[in-house]
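Asker: Sequence and predicted structure are below.
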Amino acid sequence: MGSLLVDESEYGQAAQSMIDTQLRARGIVNARVLDAMRTVPRHVFLDPSLHRRAYDDAALPTTDDQTISQPYMVAVMTQTLGVDPTHRVLEIGTGSGYQTMILARLAAEVFTIERYASLAHGARDRLDSFGVTNVHIHLGDGTLGWPDLAPFDRILVTAGAPKPPPALIDQLADPGRMVIPLGDRTYQTLVTLEKRRGKVHQTDGLGCHFVPLVGEQGWPGDED
Ligand code: SAH
C-alpha cells in the first residue's frame, strides 16, 4: 500500500496536525496506533465533498445516516483494544472501512460486519484499492458475531449497544478483550470487557456518542 499513504499526498500536513493536536495532546501514546493513523488517508474514506474536513476534530457523515467516528475516538478505541500483530480481530460496524483499515495495519486478520450493503461494498472497494488482503467483510447482523470463525482475540464494536451482545461475549477468546460503547441510543460509555479464565471484567472509559447498534442482540430497528 506504499504509494497511497497519506504522507505523500497533499493531506500529509493535515494528518500530521491531527496526530499532534487531537491525539498526542490528549494522551494517545501508542506508537503503532499513531503511526497507523498518520499513514492511513482518512479523506479516501469520505465523500469528495467532505475531503477538506476529513482531518477535522469531528465525526462526519457517511451514507445511510451513519457516521465515520471522530479521529480521537478511533485512536482511543484502537489504543484501548491493545492489538498485537498476531491477533484476529472482529469489528462490528464496518461503515466507511476507516477503522477497519487502521485495525488491518495492526492485527494479523480483521473480520468486520456491516448491516448496510452500500457501506460494506464501499469499504471493500477502498480496502482493495490499498491492496489490503487481511480484511474479511460480512454483510449482516453483527450482534450475532461470526460464529464460524470464532474465537477472536479482540472485538471492537463501533456502534452503541444497550448491553454487550451475548453472542459476542461467547465468541471472545479467553484471554480476550472487547471494547464496546454501552448506554442508550444517544449517549454511551466506552466500556472495556476483559475475559480471563472464564470470567468477564468490566472497566468504564470515556463518555461517547455513537449511532445505534441495530440488530437481534442490539437495538430494535425502525421497522419493529
Ligand atoms: N467504524 C466506522 C464507523 C461506524 S458507524 C468507520 O470507521 O467508518 C457504525 C456502523 O455500524 C454503521 O455503519 C452502521 O450501519 C453499523 N451497524 C449498526 N448496527 C449494526 C449491526 N447490528 N451489524 C453490523 N453493523 C451495524
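Answerer: Yep, it's here. Numbers count the residues shown, from 1 in each chain.

Asker: how about the longest helix along the chain against the ligand, any contact?
Answerer: If you go by DSSP state H, the chain has its longest helix at helix 117-129. Yes: contact of helix 117-129 with the ligand (CB under 6 Å from any ligand atom) involves Leu119. Placement of C-beta: from N, CA and C, glycine included.

Asker: One more: stretch 156-166?
Answerer: Yes: Stretch 156-166 reaches the ligand (CB under 6 Å from any ligand atom) through Thr158, Ala159.

Asker: Dead centre of the protein: give me the residue that sits there.
Answerer: Nearest residue to the geometric centre of the chain (CA atoms, centre = their mean): Gln99, 3.9 Å.

Asker: correct me, but it touches Ala75?
Answerer: No: counting by CB atoms under 8 Å, Gln99 does not reach Ala75; the two are 10.2 Å apart.

Asker: about what we covered before: now do the residue nearest to the centre of the chain against the ligand, distance only.
Answerer: 4 Å (CB to the nearest ligand atom, to the nearest Å).

Asker: do the same with His51
Answerer: Taken as CB to the nearest ligand atom, the span from His51 to the ligand is 15 Å.

Asker: Would you agree that residue falls within a strand?
Answerer: No: counting by DSSP: H, G, I helix; E, B strand; the rest coil, His51 is not part of a strand but helix.

Asker: how deep is it tucked in, by neighbour count?
Answerer: 16 (other CB atoms under 10 Å).

Asker: what do you get for Val157?
Answerer: 27.

Asker: Any chance of the backbone angles for it?
Answerer: Reported as degrees, to the nearest 10, the phi and psi values for Val157 are phi -110, psi 120.

Asker: What about Thr63, how many residues nearby?
Answerer: Neighbour count for Thr63, taken as other CB under 10 Å: 12.

Asker: got a list of what it touches?
Answerer: Tyr116, Ser118, Leu119, Gly122 (CB atoms under 8 Å, 6 or more residues apart in numbering).

Asker: How about Ser96?
Answerer: Phe45, Leu46, Thr62, Ile68, Leu119, Gly122, Ala123, Arg126.

Asker: Just the CA coordinates for the strand of greatest length in the chain, please, in PDB.
Answerer: Looking across the chain with DSSP state E, the single longest strand is strand 172-183. Extracted C-alpha coordinates of strand 172-183, given in PDB (Å, rounded to 0.1, in the frame of the first residue of the first chain):
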ATOM      1  CA  LEU A 172     -14.400 -13.600  22.600                       C
ATOM      2  CA  ALA A 173     -11.200 -15.600  23.100                       C
ATOM      3  CA  ASP A 174     -10.000 -16.300  26.700                       C
ATOM      4  CA  PRO A 175      -7.900 -14.300  27.400                       C
ATOM      5  CA  GLY A 176      -9.500 -11.700  25.200                       C
ATOM      6  CA  ARG A 177     -10.700  -8.100  25.200                       C
ATOM      7  CA  MET A 178     -13.800  -6.300  23.800                       C
ATOM      8  CA  VAL A 179     -14.300  -2.600  23.500                       C
ATOM      9  CA  ILE A 180     -18.000  -1.500  23.100                       C
ATOM     10  CA  PRO A 181     -20.000   1.700  23.700                       C
ATOM     11  CA  LEU A 182     -22.800   0.900  26.100                       C
ATOM     12  CA  GLY A 183     -25.700   3.100  27.000                       C
END
